[in-house]
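S.K.: sharing a sequence plus its predicted fold:
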Amino acid sequence: MTPSEQLVRFIRETAKQKGLNTAALAAAAGVSRSELKHVLSGNDPLTVDLMVALAETLELGPEDLAVLGMDEMPAPEKLSAVRKHQSLTDLPDIDPYGNHAEQVLRLGFGLGCDMHVVLNTEVLEGTGVPAATLKQFPDLLPIKLDAEYHHHNDPRFTPEGIQLTLSFDTLYTVVLPWSAFAQITMIPLEPELGDVPEPSKSSHPHLRLIE
C-alpha cells in the first residue's frame with residue numbers, strides 16, 4: 001500500500017469513527033461533496049490543501065498522522081478519533097422478505113444519500129412529531145433527510161421503528177413506527193465521467209454502407 005493510499009484509508013476510517021459521511025465531511029471541510037468522494041474513492045489525488053482542511057475538520061494532529069510511517073494501520077480505536085455511532089456506515093444485508101422501510105433507511109444512512117420520506121400522518125400521534133406539524137399535514141407528512149445532517153439525525157433502529165432527531169420549529173426526538181412509512185426515496189450523488197467506464201465502440205449498434 002502506497003503512502004497516499006494509507007492516508008486516504010486513514011481519513012476514511014477516522015471519519016467513520018466520528019460518524020461523518022461524505023456529505024457531512026465535505027460540508028465541514030468546505031469542499032464539494034463530489035470532489036471529496038472522488039478523492040476518498042481513489043479516483044483523484046489528495047492535494048495538500050484538501051489534506052489540511054480534512055485534518056482540521058477531523059481534529060488530526062501530528063501524532064495521528066505519524067501512524068502513516070508504520071507498516072500496518074493500527075486499529076481505529078487506537079487512534080485519537082472519537083468513536084461515535086458506527087452504525088451509520090454499516091451497510092445491511094438485503095432481505096427481500098424483511099422490513100423494507102428499515103433496510104432502505106439503513107442503506108440510505110450507510111451510503112450517505114439524501115433521502116425524501118413520506119409518512120402516514122394518521123399513525124404519528126404520540127411519536128414526538130409536534131401537533132402543529134400533524135395539523136398542517138393531515139394526510140401525508142413529507143420529510144427530507146439531508147446527508148449532511150445524518151449524524152445529527154442520530155438514527156437508532158428498533159424492531160418497532162426508528163428514533164430520529166428532526167428539526168421542525170426546533171429539534172425534536174421522534175420515534176417513527178415502521179407502519180408510518182408510505183414512501184422512501186434515496187437520491188444518490190451523481191457520478192462524474194470518471195466513475196463510469198466508457199463502453200467499447202463495438203457495443204454500440206451502427207449502420208454500415210454496403211455497395
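M.R.: Arrived safely, thanks for sending.
S.K.: lowest-pLDDT helix or strand in the protein?
M.R.: The helix or strand of the chain with the poorest confidence is helix 62-65; it has a mean of 69 (mean pLDDT, DSSP states H and E).
S.K.: what about residue 185, helix or strand, and which?
M.R.: Here residue 185 sits within strand 181-187, counting by DSSP states H and E.
S.K.: buried ones in that strand?
M.R.: Judged by neighbour count (16 or more other C-beta atoms under 10 Å), strand 181-187 contains these buried residues: 181-182, 184. (C-beta placed from N, C-alpha, C; glycine too.)
S.K.: that strand pairs with which strands?
M.R.: When sheet partners are counted by DSSP bridges, strand 181-187 sits next to strand 114-120 (antiparallel).
S.K.: residue 138: which of the buried residues of strand 181-187 is nearest?
M.R.: residue 182 (13.9 Å; C-beta to C-beta).
S.K.: now do the top helix by length along the chain, average pLDDT.
M.R.: Using DSSP state H, we find that the single longest helix of the chain is helix 3-17. Averaged across helix 3-17, the pLDDT comes to 83.
S.K.: quick check: the gap between the most centrally placed residue in the chain and residue 48.
M.R.: For the chain, residue 112 is the residue whose C-alpha lies nearest the centre (C-alpha atoms, centre = their mean; 1.4 Å). According to C-beta to C-beta, to the nearest Å, residue 112 stands 25 Å off from residue 48.
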